[in-house]
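1. I'd like to go over a predicted model; first the sequence, then the structure.
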Amino acid sequence: MRKIKTNKIKIYKNLFLKKKFIKNEIKKIILKSILQNKSIKPVIRANASYFLSKIKNKYNLSKQKNNICLKTGRIKGVFSKLNLSRHFSKKLLINNNLQNINVNSW
């Protein structure tokens, strides 16, 4: 029970980070366009550069996790076609619960 709860927390945390990434990406685009516009007052452009530097790095695109295992909540070792971790997919393959997938070794 506890393990399932922690897996759901990981998945919801990743969804929250993706939503924050989208919001901050819009802010970054607006602030960068203010910085590049030469017709705006220098004080406003300086404030835009200050706010751009204050945006946190944990919401960057490189920090986003694309694949999460739907059953275990693992981030590493996830097959993109199945959206399952390698551990859980091995467990399913041993029990012959996945159809039309052949096992070469294991």
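-> Thanks, I have it. Quick caveat: nothing in here was measured; it's all calculated off a predicted structure.

2. Where does the prediction get shaky in this protein?
-> 1-4, 57-66, 102-106 (pLDDT under 70).

3. Now do the longest helix along it: distance to the chain's middle.
-> Longest helix in the chain, counting residues (DSSP state H): helix 2-36. Here helix 2-36 is found 7 Å from its chain centre; the criterion is C-alpha atoms, centre = their mean, to the nearest Å.

4. what's the domain layout of the chain?
-> The chain breaks down by automatic domain parsing into domains covering 1-63, 65-106.

5. re the thing from before, summarise which helices and strands the longest helix of the chain is packed against.
-> Contacts defined by 3 or more C-beta pairs under 8 Å, 6 or more residues apart in numbering; DSSP states H and E place helix 2-36 against helix 42-54. Every residue, glycine included, has its C-beta placed from N, CA and C.

6. for stretch 88-106, the distance to its chain's centre please.
-> That offset, for stretch 88-106, works out to 27 Å (C-alpha atoms, centre = their mean).

7. Pull out the buried positions in that stretch.
-> 88-89 (16 or more other C-beta atoms under 10 Å).

8. hey, C-alpha coordinates of it in CSV?
-> The C-alpha trace of stretch 88-106 is given here as CSV (Å, rounded to 0.1, in the frame of the first residue of the first chain):
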residue,chain,number,x,y,z
PHE,A,88,8.2,-4.6,-14.3
SER,A,89,8.3,-5.5,-17.9
LYS,A,90,10.7,-8.4,-17.1
LYS,A,91,8.3,-9.6,-14.4
LEU,A,92,5.4,-9.5,-17.0
LEU,A,93,7.5,-11.3,-19.6
ILE,A,94,8.5,-14.1,-17.2
ASN,A,95,4.8,-14.7,-16.4
ASN,A,96,3.8,-14.5,-20.1
ASN,A,97,1.4,-11.6,-19.5
LEU,A,98,2.6,-9.5,-22.5
GLN,A,99,1.2,-10.7,-25.8
ASN,A,100,3.1,-10.6,-29.1
ILE,A,101,6.4,-9.8,-27.5
ASN,A,102,9.2,-12.4,-27.9
VAL,A,103,12.0,-12.8,-25.3
ASN,A,104,15.4,-13.4,-26.8
SER,A,105,17.2,-13.8,-23.5
TRP,A,106,16.5,-13.7,-19.8
